[in-house]
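Undergrad: Need coordinates for the following:
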Amino acid sequence: MKKLKVIIASPYFIAFLFIFKMMVYYTLINVNNMEIVLIILSLIVWSTIFICFGRSGLKRKRLIFLMVYFLFSLLMFSDTMYYNYYNQTVSIKQLWQAKSVAAVPKSFIATLIPASFLLFIDIPFAYLSFKKYATKENFQKWLPWRKFKYVIYVLTAVFITMITNPFHTAAFERVNSMEFFTNHVNDICETITENLSKEDMDQEEILGVLNEVTPEAEATRYNGIGKGKNLIVIQLEAFQNFVLGATYEGQEITPNLNRLMQEDTLYYDHYFSNIGKGNTADAEFSSLNSLYPIIDGESYRIYQDNTFNGLPWLMRDNGYYSFAIHGYEGSFWNREYIYPKLGFQEFYSMEDLKQDEIIGLGVSDKSMFKQLIPIIQKQTQPFFTFAITLTNHHPFILDEKYHTLTLAEEDKGTKFGGYLETVRYTDEAIGQLINDLKAAGLYENTVIALYGDHHGLNCGMEDVSYRVGEFIGRIYDYDEMLNIPLIIHVPGSDVKKTISTTGGQIDFMPTIANVMGLSYDNTFVMGQDLTNAKNGFVAFTSYLFDGSFASGDIIFEISREGIFEGSRAWKIGTNEQVDATRYKEEYDKALLLKKTSKEIMDQNLIANFITH
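TA: Numbering: from 1, shown residues only. Below is the predicted model:
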């Protein structure tokens, strides 16, 4: 028994536990080919830290060691959770998201991976070993310094070389982007460097880029078909395109939307989410302002004091009353503060609505839409309403009394089955809204535009990916995951057209402005009118890394290491792989668009042209 205690408390046993810890970590973030190399590198780094702490004369070094080791474990845990949702590890720039996660605990709990808790089991053993052997004498016994110090020096030099990558090799880049220590050390160094040595694009350069990469549409197809009508824009929570027109077990998933699309409707079927880490808020930001969100945080917070000239201001300038409505807390995503800056004259949040039907996070979609009718009846027409739905929010849990879709036994209690049920509920809420608009005499004089904010089912989650793939009849990949619907319904227009020009939320404002017959200052507009565009293009921000894009019938994904080599490209809707090396020019364009958009916001350039 005594011998067992000695073995368990020995540095060698800790090394074994740490290897196990790293194997769990790399498995959870889907590292396969380089796993052994990464484990060895991680073990080298931790061994160095362990030895240095053990040989040091620091007071309270046991407590310091325990804190450091726990923080490392907690960061690993955060990485696995973040990867499970975003398909990438966490950055120091995303620490702001902790507050947002705490605000939606049900969604956070639903993304927990039980195996992630294995990352904490070695902590007491590591502390026990350190407590017993953290003296120079004991470390000399287990790891003779004279024999090992040069090895430690060499390995430390290797680690530093890996981080700095002086030869700019792709192999080092791959390791740096996935190995735990080098990844996070690099992230901290890059963040500090960016803040200390930021090089701004000058205004003329930005305007030159905008003129070059965002051409104006020459045609005016369907221009003004909604001119003078009211406008209701509905941002659909977690609404993906594959559910439209689809049947499940002989049942239409979205019967009301399907019916809406049968007449007086423009439907854009190659429309993509281009959100950043702000998810729903970034979908709003991009759609309303035709600017790209950033990866560092939600734009509603970072640019809260900027000047904007997006859709709400455009509608106000044309005599519309602009207001927003959402069934969740007004302070979430900083909406209460930013909405007046965006041009909204009023915002109805959960606190302002009757909380007569709460589903998931807040007021249900049906309740919100029912309360919307008397609000718009009081408004001076024409009005512009921006409504954000909520019920179809992760983790897609709906009380049985609201179920109207009969699930197969194997889909009950699954994320896929729950998603279909909440999608059906939101579809019913839209059907109810249409009927209520008709009853109120508002339908014929109101344009209704609907689009999804982001995906609901992550193709990076194996069980979800398999079931969705089975349902759609092909591999469930990012081209399907990021594909969201855009529907513009114009009563009395006699228009029924599917437009397959590739685009994204960045293009919403120019597209709806064309339908409404509105002219606007396009100086700082990054998108284009998809109805008349010759060539579509959308750059991605999260889920697919910077440099990824969709254009024409191709989607391009930059490698997970963030370098062009090793990237992939395939045809949208087919999984047919194509040669990714042919798309270097488009890759550079995606980076330039994202950089230019960020510079516009960082420098608050709109304020130089517009005063509200």
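
Undergrad: Let me see the contact set for Thr422.
TA: 360, 391-393, 396-398 (C-beta atoms under 8 Å, 6 or more residues apart in numbering). All C-beta spots, glycine's among them, are computed from the backbone N, C-alpha and C.

Undergrad: Can you tell me the element it falls in?
TA: Per DSSP states H and E, Thr422 falls inside helix 415-439.

Undergrad: okay, now Glu585: neighbour count?
TA: Glu585: 7 surrounding residues under other C-beta atoms under 10 Å.

Undergrad: Next: Tyr292.
TA: Neighbour count for Tyr292, taken as other C-beta under 10 Å: 31.

Undergrad: related to what we said a few turns ago, can you redo the contacts of Thr422 as a markdown table with pLDDT and distance to Lys229?
TA: Shown next, in a markdown table, are the contacts of Thr422 (pLDDT from 0 to 100; distance: C-beta to C-beta, whole Å):
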| residue | pLDDT | distance to Lys229 |
| --- | --- | --- |
| Gly360 | 92 | 32 |
| Thr391 | 97 | 27 |
| Asn392 | 96 | 27 |
| His393 | 95 | 30 |
| Phe396 | 95 | 34 |
| Ile397 | 94 | 37 |
| Leu398 | 95 | 34 |
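
Undergrad: before we move on, back to that, after the helix holding Thr422, which helix or strand is next? Please name it.
TA: Moving toward the C-terminus from helix 415-439, the next helix or strand (DSSP H and E) is strand 446-452.

Undergrad: What are the contacting residues of that next one?
TA: Taking C-beta under 8 Å, 6+ apart as the rule, strand 446-452 contacts 226, 229-236, 238-241, 257, 260, 271, 273, 287, 430, 434, 437, 484-491, 505, 508, 512, 515-516.

Undergrad: before we move on, what about stretch 601-612?
TA: 200, 203, 206, 291, 294, 299, 302-303, 306-309, 313, 343, 521, 523-524, 599-600.

Undergrad: Just the buried ones from the residues you listed?
TA: 206, 291, 294, 299, 302-303, 306-309, 313, 343, 523-524, 599-600 (16 or more other C-beta atoms under 10 Å).

Undergrad: circling back: make a markdown table from the contacts of Thr422 and add distance to Val185, secondary structure and neighbour count to it.
TA: Output for these, formatted as a markdown table (distance: C-beta to C-beta, whole Å; DSSP: H, G, I helix; E, B strand; the rest coil; neighbours: other C-beta atoms under 10 Å):
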| residue | distance to Val185 | secondary structure | neighbour count |
| --- | --- | --- | --- |
| Gly360 | 39 | coil | 24 |
| Thr391 | 42 | coil | 28 |
| Asn392 | 40 | coil | 29 |
| His393 | 36 | coil | 23 |
| Phe396 | 38 | coil | 24 |
| Ile397 | 40 | coil | 15 |
| Leu398 | 44 | coil | 21 |
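
Undergrad: what residue ranges in this structure are flagged as low confidence?
TA: 1-12, 32-39, 41-61, 93-111, 130-153, 155-156, 158-159, 162-176, 194-199, 215-218 (pLDDT under 70).

Undergrad: Would you confirm that Asp79 contacts Val90?
TA: Yes. In this structure, Asp79 is within contact of Val90 by C-beta atoms under 8 Å, at 5.6 Å.

Undergrad: Show me the strands in the stretch 401-550 of the chain, by range?
TA: Secondary structure of the stretch 401-550 of the chain (DSSP state E, counting those that start in this stretch): strands located at 446-452, 486-489, 496-499, 503-504, 537-539, 549-551.

Undergrad: Which neighbours in the sheet does the longest one have, and how are they oriented?
TA: Read that as strand 446-452. Strand 446-452 has the following strand partners under DSSP bridges: strand 230-236 (parallel), strand 486-489 (antiparallel).

Undergrad: helix or strand right after the first one?
TA: Toward the C-terminus, strand 230-236 is succeeded by strand 247-248 as the next helix or strand (DSSP H and E).

Undergrad: Residues contacting that following strand, please?
TA: 253, 405, 420, 471.

Undergrad: quick one: which of those residues is nearest to Asp529?
TA: Ile253 (29.9 Å; C-beta to C-beta).

Undergrad: what about Val363, neighbour count?
TA: 26.

Undergrad: Same check on Phe332?
TA: If we define neighbours as other C-beta under 10 Å, then Phe332 has 20 of them.

Undergrad: what does Glu205 give?
TA: Considering only other C-beta under 10 Å, Glu205 is surrounded by 12 other residues.

Undergrad: how much space between it and Asn30?
TA: Distance from Glu205 to Asn30, counting by C-beta to C-beta, to the nearest Å: 39 Å.

Undergrad: circling back: of the contacts of strand 446-452, keep whichever come out buried.
TA: The neighbour count (16+ other C-beta under 10 Å) marks 226, 229-236, 238-241, 257, 260, 271, 273, 287, 430, 434, 437, 484-491, 505, 508, 512, 515-516 as buried among the contacts of strand 446-452.

Undergrad: All set, thanks.
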